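**Student:** Sequence first, predicted coordinates after that:
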Amino acid sequence: MIKLMSKYSFLIFLSATLIMTSCDDDDDEEPNPGPSGPTQNIAELASASPQFSILVEILNATNLVDAVADENASLTVFAPNNDAFNAFFDAENLTDDNNNGSRVDDAIAAFGEQDIIDVLLYHVLGSEVPASAIAEQIYQPTLSTASPNADALSILVEPAGGTVAINGASDKGATVAAADIFATNGVIHEIDAVLGLPNLVDHAIANSALSELVGNVVDAMLVDALSNPDAALTVFAPVNDAFTSIQSTVDELSEAQLVSVLQYHVLGSQVRSGALSSGNQTTLEGQEITIDVIVNASDNLTGVTITDASGGVSNVVLSLTDIQGTNGVVHVIDRVLIPVL
């Protein structure tokens, strides 16, 4: 009887072991994993997002869908949401003239298809830039080439209050409302306004480090001249500290002298950093500045200084050159240039 019970006990133990082993095997089987990353390109993501329906409509109307659907691209799209487009249409007094439920065709008719394309491409960078990469104020080239020599227009992005501001969130700027919507060919950042194409004055206004320059340009009534859409200028833009360090001198300038000082920072043609060369350059003021360019053996630009009529030397901030606008280019400098007054 004891032997019989031992036999049955062994069988019960063996069965339990087999059942447990079977359960363990079931537990070890992993479910079929889904995709580990994004599965839609930028065009597909935008089409699937109701807040971008106007953007998708205008991309289709201008034949730009393929550009943002390109799987071989790596893009960043600052995508205005529907509220942003509707605010833009309202500001431009655009109405649905043909009662088709859309103002996209009215915008294209009012501005021309190429101008709309230029604006749309200004919202796109040719590389993927997640919000985490925007830790400080940086300029990026866009895909828009609406400039005197078809150079890429610059866009200013910087951290601001837990999000990202674009072009200083000025009248032609915006704020990121939702960041890092990743696609297979880049990233979308939803923004709350349609970006305007920046001229030289717009770029200065957008950058808080140039507010003293902007104030003086306004005081000298030079805004219109520096905003001229038919111009192709180069502006050497002093930072705020450059003006505050000589504030007493600036305060003593007559209006005519202030105009002369500001015009002394402007060349009458667009000269990007790669085209700067050593020698004298005549400014819009009529007097010359002396440019010294330092290039190393590898043909890399390592320094640019500008000597004014008084012998004072200003350094070009190489990290802030080639800020491209629709009517010229800005190079930031660390000292105010003074002509003979």
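**Tutor:** On my side now, so go ahead. Residues are numbered from 1 along each chain as shown.
**Student:** Strands of the stretch 201-341 of the chain, start to end?
**Tutor:** Along the stretch 201-341 of the chain, counting by DSSP state E, counting those that start in this stretch, strands occupy 233-238, 266-267, 279-282, 288-295, 301-307, 313-315, 323-325, 328-333.
**Student:** Can you tell me, leaving aside adjacent residues, what's nearest to residue 169?
**Tutor:** Spatially, and ignoring its direct neighbours in sequence, residue 169 is nearest to residue 175 (5.1 Å; C-beta to C-beta, 6 or more residues apart in numbering). Backbone N, C-alpha and C define where each C-beta goes, glycine included.
**Student:** burial measure for the one you found, as a count.
**Tutor:** Counted by other C-beta atoms under 10 Å, the residues lying close to residue 175 total 14.
**Student:** Repeat that for residue 185.
**Tutor:** With other C-beta under 10 Å as criterion, residue 185 counts 22.
**Student:** thought it was touching residue 75?
**Tutor:** Yes - the criterion here is C-beta atoms under 8 Å, and residue 185 meets it with residue 75 at 6.1 Å.
**Student:** Common neighbours of these two, please.
**Tutor:** 42, 68 (C-beta atoms under 8 Å, 6 or more residues apart in numbering).
**Student:** need the longest strand for this structure.
**Tutor:** Counting by DSSP state E, the longest strand found in the chain is strand 174-183.
**Student:** How about residues contacting that strand?
**Tutor:** With C-beta under 8 Å, 6+ apart as the criterion, strand 174-183 contacts 37-38, 40-42, 44-45, 49, 78, 80-81, 84, 130-132, 160, 163-167, 169, 187-195.
**Student:** quick one: buried residues of it?
**Tutor:** Buried residues in strand 174-183, counted by 16 or more other C-beta atoms under 10 Å: 174, 176-179, 181, 183.
**Student:** Can you pick out the most distant pair from those?
**Tutor:** The largest separation in the buried residues of strand 174-183, counting by C-beta to C-beta, is between 174 and 183 at 19.9 Å.
**Student:** that older thread, in the sheet, who's paired with the residue nearest to residue 169?
**Tutor:** Residues in a beta bridge with residue 175, per DSSP bridges, are residue 165.
**Student:** State the pLDDT value of it.
**Tutor:** pLDDT, residue 175: 97.
**Student:** any idea how far residue 191 is from it?
**Tutor:** For residue 175, the distance to residue 191 equals 7 Å [C-beta to C-beta, to the nearest Å].
**Student:** joint contacts of these two?
**Tutor:** Shared contacts of residue 175 and residue 191 (C-beta under 8 Å, 6+ apart): residue 166.
**Student:** which secondary element of this structure has the worst mean pLDDT?
**Tutor:** Every helix and strand of the chain was ranked by mean pLDDT, DSSP states H and E. The lowest is helix 2-28, at a mean of 46.
**Student:** Name the next helix or strand downstream of it, please.
**Tutor:** As assigned by DSSP states H and E, the chain's next helix or strand after helix 2-28 is helix 42-47.
**Student:** can you tell me the average pLDDT over that following helix?
**Tutor:** The model assigns helix 42-47 a mean pLDDT of 97.
**Student:** circling back: for the longest strand of the chain, list the C-alpha coordinates in PDB.
**Tutor:** This file holds the C-alpha atoms of strand 174-183, laid out as PDB (Å, rounded to 0.1, in the frame of the first residue of the first chain):
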ATOM      1  CA  ALA A 174       5.500  82.300 -33.600                       C
ATOM      2  CA  THR A 175       5.600  80.000 -30.500                       C
ATOM      3  CA  VAL A 176       5.700  76.200 -30.600                       C
ATOM      4  CA  ALA A 177       2.400  74.900 -29.200                       C
ATOM      5  CA  ALA A 178       3.300  71.200 -29.500                       C
ATOM      6  CA  ALA A 179       6.800  70.000 -30.100                       C
ATOM      7  CA  ASP A 180       8.500  66.800 -31.300                       C
ATOM      8  CA  ILE A 181       5.800  65.100 -33.400                       C
ATOM      9  CA  PHE A 182       8.200  62.600 -35.000                       C
ATOM     10  CA  ALA A 183       7.800  61.200 -38.500                       C
END
